[in-house]
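Peer 1: Have a look at this prediction, sequence included:
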Amino acid sequence: MDTKGEVKKYVKQSLRYLKNASEFIDAGNSDKAGEFLWGSMAEALKAVAASGGIVLNNHRQIWNYTESLTKDLGDKSIYDAFIHANYLHTNFYESELELRHIRRAAEDIRVTVDKLLRLAAKEK
């Protein structure tokens, strides 16, 4: 596995999704914004995992990795933001959340994605 290349790919995709989320928040589309926030979080976690030579192929593996990373780092905020992102992912199908809820969750997710991407860059 080309670890550096994989990390770079995931970082680029995470940032792209984060940018798209902001654009959809500005446009008032909470469903799409939430889905992009979930995608950004998932790709950031994949970047951290890849920087350690770990490949995450499915949702369950991302969940398990998030729990493990949270425990290893002693940083509950990672798991909390992941739970928010996962709820936004579910909301894409249910369309229950208002834009103000998406905006609030977006703050925590952005902070956590930034933290994860810095961690991925450090571990390369």
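Peer 2: Yep, that arrived. Residues are numbered from 1 along each chain as shown.
Peer 1: mind checking how far the residue lying closest to residue 54 once chain neighbours are set aside is from residue 46?
Peer 2: Leaving aside its chain neighbours, residue 54 sits nearest to residue 65 (6.9 Å; criterion: CB to CB, 6 or more residues apart in numbering). In this view, the C-beta of every residue, glycine as well, is placed from N, C-alpha and C. Computed with CB to CB, to the nearest Å, the distance linking residue 65 and residue 46 is 9 Å.
Peer 1: Of those two, which one has the most company?
Peer 2: Counting neighbours by other CB atoms under 10 Å for residue 65 and for residue 46 shows that residue 46 has the greater number, 26 against 18.
Peer 1: Now that one: which helix or strand?
Peer 2: Here residue 46, judged by DSSP states H and E, is contained in helix 30-51.
Peer 1: now residue 19
Peer 2: helix 3-26.
Peer 1: ok and that helix relative to helix 30-51, angle-wise?
Peer 2: Relative orientation of helix 3-26 and helix 30-51, computed by axes from the mean of the first three to the mean of the last three CA atoms, to 10 degrees: 160 degrees.
Peer 1: Tell me how far the helix holding residue 46 lies from the chain's centre.
Peer 2: 3 Å (CA atoms, centre = their mean, to the nearest Å).
Peer 1: Would you mind writing the CA trace of that helix as CSV?
Peer 2: Taking C-alpha atoms only, helix 30-51 is exported to CSV below (Å, rounded to 0.1, in the frame of the first residue of the first chain):
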residue,chain,number,x,y,z
SER,A,30,-29.4,20.7,5.3
ASP,A,31,-29.7,17.2,3.8
LYS,A,32,-26.7,17.5,1.5
ALA,A,33,-24.7,19.6,3.9
GLY,A,34,-25.0,16.9,6.5
GLU,A,35,-24.0,14.1,4.1
PHE,A,36,-20.9,16.0,3.1
LEU,A,37,-20.0,16.6,6.8
TRP,A,38,-20.3,12.9,7.4
GLY,A,39,-18.1,12.2,4.3
SER,A,40,-15.5,14.7,5.5
MET,A,41,-15.3,13.0,8.9
ALA,A,42,-15.1,9.5,7.4
GLU,A,43,-12.3,10.5,5.0
ALA,A,44,-10.4,12.2,7.8
LEU,A,45,-10.6,9.1,9.9
LYS,A,46,-9.4,7.0,6.9
ALA,A,47,-6.5,9.4,6.5
VAL,A,48,-5.4,8.9,10.1
ALA,A,49,-5.8,5.1,9.7
ALA,A,50,-3.9,5.1,6.4
SER,A,51,-1.0,7.0,8.0
